[in-house]
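Asks: Only the shape, not the letters, is given here:
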């Protein structure tokens, strides 16, 4: 609870939104475990009822189950992308600041090269190599967003590495891990947390974006971006169906962005 | 005619009284120096005169500038006096100047936008003003390329450009070495003839040199006031006496012992470069085991770099020979700015326990050690930001003592402390180093301080 107490009102709102979405995604799986891919063609575009509280799509599939499945995919992806890119970015940033010299130059060159390419294009290229692969999308997104961590962490760590506090601990014989934990990480953690929340939103949007252009996950996977594209032709008959994945995508991105704000 | 008149000013914060029933006045062509230690409410007084007190304080009494009440004046009206009647010289001016602008542009801006001069006149006036403060060679530099003294002279030039004739100077000589101090004092004195001057300082030398009236403040109360000459030579109050005695040149002289020391470090033909700049060339010296050595020099003369080289923190060419091999943690350093030398996240006790755990020391009686250094043990349960600079410097000494160092560098350890605390810390350092039989290299720009506590003083220019 101490973590929640440190958050500002804005961040709490974000945390509550994300909490509700996660609860929906997990509870559906544990309590109902409806197969979202099972088709009931006779019930296409059926209005909400007790069996399918959010209605049925063009193949009569249960939207309640499909949306929960989409959320599970989005959350899983954002979580592993954020963990990977944060670990990579922080390690590389600290190492570059600490070692300096050619090592720093090399990493900077690599980071600048990635930054010079539009992120989405890079993700599209990766996704197009092995279409429909979750792993490729994950690798591509992580590759794009770790650079932000790297640049921020390097800039902050440069100051810390040169600080008398770190020098004095080093003189007293402390090892690298202690120096990192006591002197570098405290200066980084707030910013890394903000970046992680933004990075989560970015990865969710990126996966949906490749879904829009059909190079992401393949049907019948209930991925939010893919669902939006699939339901788009039917917006006259069933506008509420199209609105459902859009609102979820909106809420998940809003939640992460609110969470990224300044803590108290 | 009274330019500044403060009557019965009392300022409270939520934690208690900061200034208690203070009255003072400054007339035309007069200089008043307020002398007191850090945290005695001096800087708040300057803000009260500017009409710029933080809103969460409770204020009573009256502060008049040219007969106008500043405490009740709306903020915009008070601000309209800044730069026209009142001007303030900030503490540590390099933080008040724009880091990105050449100094001549910063001064020219004052002429342009405060005095509404044309660009041509502004540039000409700037030129004259820079010549007057002796900075014409440096007009094209940005603040990072200036020394502390030059930055302070730039700030004085900016304030002079405004033409405001009431000058408030807040610790104008803080962190400057002796020669630079004299320059600043001369410039401030010149301003007195054109209006009046109110200086806030904890340096008795400054009060004496500025002359005029002096007022001694301790914990928000005026303990003595009168003529600067008299207060600086024969003060009545105990506090003023303590302040004067704390100035290094007034310390009782220590008897020099005739001990000879076996050498610990021998340096031969050491050359230090940083970038393209050669800091030291062909330096040779010797430091004895258990000796307390002073290293004297002006700021920017390479004192700290030499010490860092001895600690093995800088690449050098030349020879540094240790006559007995020392482990990494036996060569330690105390820093100029104590808060920057501690991790702020954990309590001081946790940090000390980290050291004990790392070196598997038998748990020393931390509280007893703290008491020996004149610290209350409760301080150890705070973080570095929650104790004063003087206390933290003593905790830094305690931290170093845990490891029983053989070679300790103290890099201007007292230059940011007020004189009374500085004297205590200086003496404590020398005493403890001698008790541990630890070689102490004490770096300072105050030759009196070094002469007093060291077995030997080296001047960096003669090495």
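Replies: Sure, I can see it. These numbers come from a predicted model, not from an experiment.
Asks: Disregarding flanking residues, what is the spatial nearest neighbour of residue B:394?
Replies: When the adjacent residues along the chain are set aside, residue B:394 lies closest to residue B:373, with 4.7 Å between them (CB to CB, 6 or more residues apart in numbering or on different chains). Glycine gets a C-beta too; all of them are placed from N, C-alpha and C.
Asks: now residue A:35
Replies: By the measure of CB to CB, 6+ apart, the closest residue to residue A:35 outside its immediate chain neighbours is residue A:65, 6.8 Å from it.
Asks: ok, and the one you found, which helix or strand is that part of?
Replies: helix A:63-99 (DSSP states H and E).
Asks: Pull the distance from that helix to the chain's centre.
Replies: Mean C-alpha position of helix A:63-99 versus that of the full chain (CA atoms, centre = their mean, to the nearest Å) differs by 5 Å.
Asks: Run through the neighbouring helices and strands of that helix.
Replies: The criterion is 3 or more CB pairs under 8 Å, 6 or more residues apart in numbering or on different chains; DSSP states H and E, and the helices and strands that helix A:63-99 contacts are helix A:9-27, helix A:101-116, helix A:134-161, helix A:185-212, helix A:224-231, helix A:239-259.
Asks: Next, the angle from that helix to helix A:134-161.
Replies: For helix A:63-99 against helix A:134-161, the angle by axes from the mean of the first three to the mean of the last three CA atoms, to 10 degrees is 40 degrees.
Asks: what stretches of the chain score poorly on pLDDT?
Replies: Going with chain A. When residues are selected by pLDDT under 70, those of chain A lie in A:1-2, A:263-264.
Asks: my bad, the chain I had in mind was chain B
Replies: Where chain B drops into low confidence, which here means pLDDT under 70, it does so at B:38-40, B:175, B:255-258, B:299-300.
Asks: In chain B, which residue sits nearest chain A?
Replies: residue B:329 (3.9 Å; CB to the nearest CB).
Asks: ok so, going back, give me whichever of the helices and strands packed on helix A:63-99 is most buried.
Replies: For the helices and strands packed on helix A:63-99, average neighbour numbers computed from mean count of other CB atoms under 10 Å in any protein chain shown are highest in helix A:224-231, which has a mean of 23.
Asks: Against chain B, how distant is the residue lying closest to residue A:108 once chain neighbours are set aside?
Replies: Residue nearest to residue A:108 in three dimensions, not counting chain neighbours: residue A:96, with 6.9 Å by CB to CB, 6+ apart. Here residue A:96 is placed at a distance of 20 Å from chain B (CB to the nearest CB, to the nearest Å).
Asks: which residues sit in contact with residue A:96?
Replies: A:103, A:104, A:107, A:108, A:150, A:154, A:157 (CB atoms under 8 Å, 6 or more residues apart in numbering or on different chains).
Asks: repeat for residue B:166
Replies: Applying CB under 8 Å, 6+ apart, one finds that residue B:166 lies in contact with B:3, B:4, B:26, B:65, B:85, B:86, B:87, B:195, B:196, B:198.
Asks: out of those residues, which are inside strands?
Replies: Using DSSP state E, the subset of the contacts of residue B:166 located in strands is B:3, B:4, B:26, B:65, B:86, B:87, B:196, B:198.
Asks: State the pair within those residues that is farthest apart.
Replies: Greatest spatial distance among the ones in strands among the contacts of residue B:166 (CB to CB): B:26 and B:87, at 14.1 Å.
Asks: Show me which of these two is the more surrounded one.
Replies: When neighbours are counted by other CB atoms under 10 Å in any protein chain shown, residue B:87 comes out ahead of the other of residue B:26 and residue B:87, with 26 against 23.
Asks: Surely that one and residue B:168 touch.
Replies: Yes - counting by CB atoms under 8 Å, residue B:87 sits close enough to residue B:168 to count as a contact (7.2 Å).
Asks: Enumerate the residues of the stretch 51-200 of chain A near chain B.
Replies: A:163-165, A:167-169, A:171-174, A:178, A:182-183, A:186 (CB under 8 Å from any CB of the partner chain).
Asks: can we see that at 10 Å?
Replies: Taking CB under 10 Å from any CB of the partner chain, the part of the stretch 51-200 of chain A that reaches chain B is made up of A:163-175, A:178-179, A:181-183, A:185-187, A:189.
Asks: Please, a ChimeraX command that selects the buried ones among these?
Replies: A single ChimeraX command selects the buried members of those (16 or more other CB atoms under 10 Å in any protein chain shown):
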select /A:163,164,165,166,167,168,169,170,171,172,173,174,178,179,181,182,183,185,187
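Asks: Which ones among the residues of the stretch 51-200 of chain A next to chain B lie within helices?
Replies: For those, the ones inside helices are A:164-171, A:178-179, A:185-187, A:189, with DSSP state H as the criterion.
Asks: sorry, back to before: buried only: go through the contacts of residue B:166 for me.
Replies: Applying 16+ other CB under 10 Å to those, the neighbour count classes B:3, B:4, B:26, B:65, B:85, B:86, B:87, B:195, B:196, B:198 as buried.
Asks: Just put those residues in TSV and tack on distance to residue B:409.
Replies: As requested, the buried ones among the contacts of residue B:166 are exported to TSV (distance: CB to CB, whole Å):
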residue	distance to residue B:409
B:3	48
B:4	45
B:26	44
B:65	48
B:85	48
B:86	44
B:87	40
B:195	45
B:196	44
B:198	39
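Asks: Looking at the residues you listed, which two lie furthest apart in space?
Replies: Of all pairs drawn from the buried ones among the contacts of residue B:166, the one with the longest distance (CB to CB) is B:26 and B:87, at 14.1 Å.
Asks: on that earlier part again, and the residue nearest to residue A:35, what does it touch?
Replies: Contacts here follow CB atoms under 10 Å, 6 or more residues apart in numbering or on different chains; on that basis residue A:65 touches A:28, A:29, A:32, A:33, A:34, A:35, A:36, A:37, A:38, A:52, A:54, A:222.
Asks: Please repeat the previous calculation with a cut-off of 7 Å.
Replies: Contacts of residue A:65 were listed using CB atoms under 7 Å, 6 or more residues apart in numbering or on different chains, and they are A:28, A:34, A:35, A:36.
Asks: which element follows the helix or strand where residue B:124 lies toward the C-terminus?
Replies: Assigned by DSSP H and E, residue B:124 falls within helix B:119-132. Following helix B:119-132 in sequence order, the next helix or strand is helix B:148-162 (DSSP H and E).
Asks: how about the residues of chain B near chain A?
Replies: Counting by CB under 7 Å from any CB of the partner chain, chain B comes close to chain A at B:311, B:313, B:328-329, B:331-333, B:335, B:340-343, B:345-346, B:355, B:358-359, B:403.
Asks: Is it correct that residue B:214 falls within a strand?
Replies: Yes - when classified by DSSP: H, G, I helix; E, B strand; the rest coil, residue B:214 is found to be part of a strand.
Asks: was I right about it contacting residue B:33?
Replies: Yes - assessed by CB atoms under 7 Å, residue B:214 is found in contact with residue B:33 at 4.8 Å.
Asks: Identify the contacts common to those two.
Replies: With CB under 7 Å, 6+ apart as the test, residue B:214 and residue B:33 both reach B:207, B:228.
Asks: Now the residue nearest to residue B:274 when sequence neighbours are not counted. Its backbone dihedrals?
Replies: The spatially closest residue to residue B:274, leaving aside those adjacent along the chain, is residue B:305, at 7.0 Å (CB to CB, 6+ apart). Residue B:305 has phi and psi values of phi -70, psi -40 when expressed as degrees, to the nearest 10.
Asks: do the same with the one 10 residues further on
Replies: Listed backbone geometry of residue B:315 is phi -70, psi 140, with angles given as degrees, to the nearest 10.
Asks: ok, now how distant is it from residue B:13?
Replies: Distance of residue B:315 to residue B:13, given as CB to CB, to the nearest Å: 50 Å.
Asks: Compare those two and say which one has the larger neighbour count.
Replies: Comparing residue B:315 with residue B:13 by other CB under 10 Å, the one with more neighbours is residue B:13, at 13 against 9.
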